[in-house]
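# fold the following and give me the result.
(chains A, B and C)
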Amino acid sequence: MATGSNSLIWFRKGLRVHDNPALEHASKASSGSMYPVFVIDPRYMEPDPSAFSPGSSRAGVNRIRFLLESLKDLDSGLKKLGSRLLVLRGEPGEVLVRCLQEWKVKRLCFEYDTDPYYQALDFKVKEYASSVGVEVFSPVSHTLFNPTDIIQKNGGKAPLSYQSFLKIAGEPSCAESELLMSYSSLPPIGDVGSIGVSEVPTLEELGYREDEQDEWTPFRGGESEALKRLNNSISDKAWVANFEKPKGDPSAFLKPATTVLSPYLKFGCLSSRYFYQCLQRVYKDVKKHTSPPVSLLGQLLWREFFYTTAFGTRNFDKMKGNPICKQIPWKEDHDMLAAWRDGKTGYPWIDAIMVQLLKWGWMHHLARHSVACFLTRGDLFIHWEQGRDVFERLLIDSDWAINNGNWMWLSCSSFFYQYNRIYSPVSFGKKYDPDGKYIRHFLPVLKDMPKQYIYEPWTAPLSVQTKAKCIVGKDYPKPMVMHDAASKECKRKMGEAYALNKKMNGNIGDDDLKDLRRKLETDEESNIRNQRPKLNQVLKYLMRF
DNA sequence: AAACCGTTGACGGA
DNA sequence: TCCGTCAACGGTTT
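Numbers count the residues shown, from 1 in each chain, chains lettered A, B, ... in the order given. Predicted structure coming up:
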């Protein structure tokens, strides 16, 4: 049995003081000390020079910086209350065990986490804690609902459509409850003994260089920044009341069309429950307002939907062995993947979005749709898992459940199945931004391209390209595929893959997929051959002039 | 078996 | 800006 009445609050997500039940519980260590801990996990934070962009193998340097800023802000929030953040390094499970022993912790508090990584880690930590008689308090406070409750209410299975989710979910319990937003003080830190603790490190101290990235994300991490952003957004009541997600402009970058609260929700710098209550207050004050799925509240509930579905589905982050995922013979093509990832597809709309991702770690939701559709079912027919990996690493708001769910959505692997609806890499962006301001900003090489060619620079006469100082094929790549032909091929492949999934009733093995892949590729070749007569007809037609 | 629905497609026309 | 058409999916409801 551990002695004393010390408590330890282990921060992972939930990097905030406001509405933090784990912190609240830990702070009730009446006569003892409270140790606020964050563990820097090398698996997540160690620089990886071989990665395709600055950062670690799992996180781009923008997200690492956002996290450090969030920790710094949490630390100063705790310091105002007479406490501070203790930063440790190492494998979190091992580090935790050492802390529990050395500090004679009686009560261990941390926010419940549904991500598989934490499910496994937390299981081990809880097992150890109970073996030595440490009380564990692990509340659900990252989401409005407890995914376990929703799944149970739905008969043991996660709801697979947003509407059925809404029906089952109903009102969250936080709708009525009062949230603890601040403290007058927190218990003091105890003696840290032989455990090496530090202040929040800088990027340099972690082994990154400030000059690694030529443009950084404009979004600053931290609870203070989150609350400022939230207040900014909700102070415009008319804007909140009329918010309709699909009508937002994905090309707006100086002033994004959305709240950009996602990174703060991801790290828990902002409590989703506080956000919920703020929205409800605005809705009560206005006569008329939009509703889910398109409203701001609807956005918050999408997050709940994906958290629930992800938690209730085996192998949610894979195609194979995932019971809700269509089995599709996606292509393996490293060069094509790299061209997409590095913003070198030759489609300025697509490339500008990918550059915004590299530089900012954030893009508008519809911009994400454009590039995800292009990579998978729209043009390149590359596996959604590979696009998912790129987003997961680079987005400052990347969230395991939401990212995987949306990649399945966009690739028509689950949730959404109308694979004939394909975003055009040319016209989709053009309808929001006909002048191409967004492209000119993120792809300066095209800044002098006349607007009538900016979405399809390969169609510009050479004299125009010369004048714009941008020769296609030299200064900017030629399009890697022709969208009309590529999307047609993709539709055909999706049709065949869907037919096989239907025929096999979802039980598709590796061999079935391999056979289909071979068949699709053979058909593709013969389709190209059959296009030759058509080409001749076009030539004949042109000869008449 | 048929009707209906689904956060956000492209295109052309009014 | 809003509408119908295009071609047409799976899942749910009737």
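# quick one: the residue of the stretch 401-545 of chain A found nearest DNA strand C and residue A:311, what's the gap?
Ranked by CB to the nearest atom of the strand, the top residue of the stretch 401-545 of chain A for proximity to DNA strand C is residue A:417, at 3.8 Å. Just so you know, the C-beta spots here come from the backbone N, C-alpha and C atoms, and that holds for glycine as well. Using CB to CB, to the nearest Å, one obtains 23 Å as the distance from residue A:417 to residue A:311.
# more crowded one of these two?
Higher neighbour count among residue A:417 and residue A:311: residue A:311, with 20 against 13, using other CB atoms under 10 Å.
# isn't that one up against residue A:401?
Yes - contact criterion CB atoms under 8 Å: residue A:311 and residue A:401 qualify, at 7.3 Å.
# count of neighbours near residue A:345?
25.
# surely it meets residue A:375?
No - here residue A:345 does not reach residue A:375: they are 9.1 Å apart, not a contact under CB under 8 Å.
# same question for the strand or helix carrying residue A:167: list its buried residues.
Element membership of residue A:167 [criterion: DSSP states H and E] is helix A:162-169. Neighbour-count burial for helix A:162-169, counted by 16 or more other CB atoms under 10 Å, picks out A:162, A:165, A:166, A:168, A:169.
# also stretch A:510-527?
For stretch A:510-527, burial by neighbour count (16+ other CB under 10 Å) applies to A:512, A:513, A:516, A:517, A:520.
# just stretch A:203-217 next, same as before
Applying 16+ other CB under 10 Å to stretch A:203-217 flags A:203, A:206, A:208, A:213, A:216, A:217 as buried.
# close to DNA strand C as well: tell me which of the residues you listed qualify.
Checked against DNA strand C using CB under 7 Å from any atom of the strand, the buried residues of stretch A:203-217 yield no neighbours at all.
# low-scoring stretches of chain A, by residue?
Scanning chain A for pLDDT under 70 picks out A:1-4, A:29-30, A:528-545.
# OK, now which residue of it is nearest to DNA strand B?
For chain A, CB to the nearest atom of the strand, closest residue to DNA strand B: residue A:246, 2.0 Å.
# right, and that residue touches residue A:294 too?
Yes - the pair residue A:246 / residue A:294 is scored as a contact, 6.1 Å apart, by CB under 8 Å.
# the stretch 351-500 of chain A against DNA strand B: which residues are in contact?
So the stretch 351-500 of chain A meets DNA strand B at A:365-366, A:369, A:406, A:409, A:415-418, A:420-424, A:427-428, A:431 (CB under 7 Å from any atom of the strand).
# run the last query once more with 6 Å
Counting by CB under 6 Å from any atom of the strand, the stretch 351-500 of chain A comes close to DNA strand B at A:365, A:369, A:409, A:417, A:418, A:421, A:423, A:424, A:427, A:428.
# cool, and the stretch 1-150 of chain A?
Counting by CB under 6 Å from any atom of the strand, the stretch 1-150 of chain A has no residue next to DNA strand B.
# the helix holding residue A:167 near DNA strand B at all?
Yes - Helix A:162-169 reaches DNA strand B (CB under 6 Å from any atom of the strand) through A:162, A:163.
# who are the contact partners of the residue nearest the centre of chain A?
Nearest to the geometric centre of chain A sits residue A:398, at 2.5 Å (CA atoms, centre = their mean). Shown in contact with residue A:398 (CB atoms under 8 Å, 6 or more residues apart in numbering): A:63, A:266, A:391, A:392.
# dump those residues into a markdown table; add neighbour count as well.
Formatted as a markdown table, these follow (neighbours: other CB atoms under 10 Å):
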| residue | neighbour count |
| --- | --- |
| A:63 | 26 |
| A:266 | 25 |
| A:391 | 21 |
| A:392 | 20 |
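# most widely separated two among the residues you listed?
Using CB to CB, the contacts of residue A:398 span at most 12.5 Å, a distance reached by A:266 and A:391.
# measure residue A:45 to DNA strand C for me?
As for residue A:45, its distance to DNA strand C is 39 Å (criterion: CB to the nearest atom of the strand, to the nearest Å).
# returning to what we had before: out of the buried residues of stretch A:203-217, which two sit at the greatest distance?
A:206 and A:217 (16.8 Å).
# which positions in chain A make contact with DNA strand C?
A:160, A:161, A:417, A:418, A:420, A:498, A:502.
# those in helices, which ones?
Taking DSSP state H, the ones among those that sit in helices are A:498, A:502.
# and of the residues of chain A next to DNA strand C, the nearest to residue A:84?
Among these, and counting by CB to CB, the member closest to residue A:84 is residue A:160, at 44.7 Å.
# tell me the contacts of the closest one?
Applying CB under 8 Å, 6+ apart, the residues contacting residue A:160 are A:309, A:324, A:414, A:415.
# assign the nearest residue to residue A:97 once chain neighbours are set aside to helix, strand or coil.
Distance criterion CB to CB, 6 or more residues apart in numbering; nearest residue to residue A:97, sequence neighbours excluded, is residue A:128 at 5.7 Å. State at residue A:128, reduced to three classes by DSSP: H, G, I helix; E, B strand; the rest coil: helix.
# hmm, residue A:128 is touching residue A:99, no?
No - Residue A:128 is beyond contact range of residue A:99, at 11.4 Å (criterion: CB under 8 Å).
# more neighbours: these two, which one.
Higher neighbour count among residue A:128 and residue A:99: residue A:99, with 22 against 17, using other CB under 10 Å.
# separation between the more buried one and DNA strand C?
45 Å.
# got a list of what that residue touches?
Counting by CB under 8 Å, 6+ apart, residue A:99 has contacts A:8, A:35, A:37, A:88, A:105, A:195.
# and these, which two are furthest apart?
A:88 and A:105 (13.6 Å).
# neighbour count: these two, which is higher?
Neighbour count, other CB under 10 Å: between residue A:88 and residue A:105, residue A:105 has more, with 29 against 18.
# and the nearest residue to that one once chain neighbours are set aside, helix, strand or coil?
Of all residues not flanking residue A:105 in the chain, residue A:8 sits nearest, at 4.6 Å (CB to CB, 6+ apart). Classification of residue A:8 using three-state DSSP returns strand.
# got the phi and psi for residue A:107?
phi -140, psi 120 (degrees, to the nearest 10).
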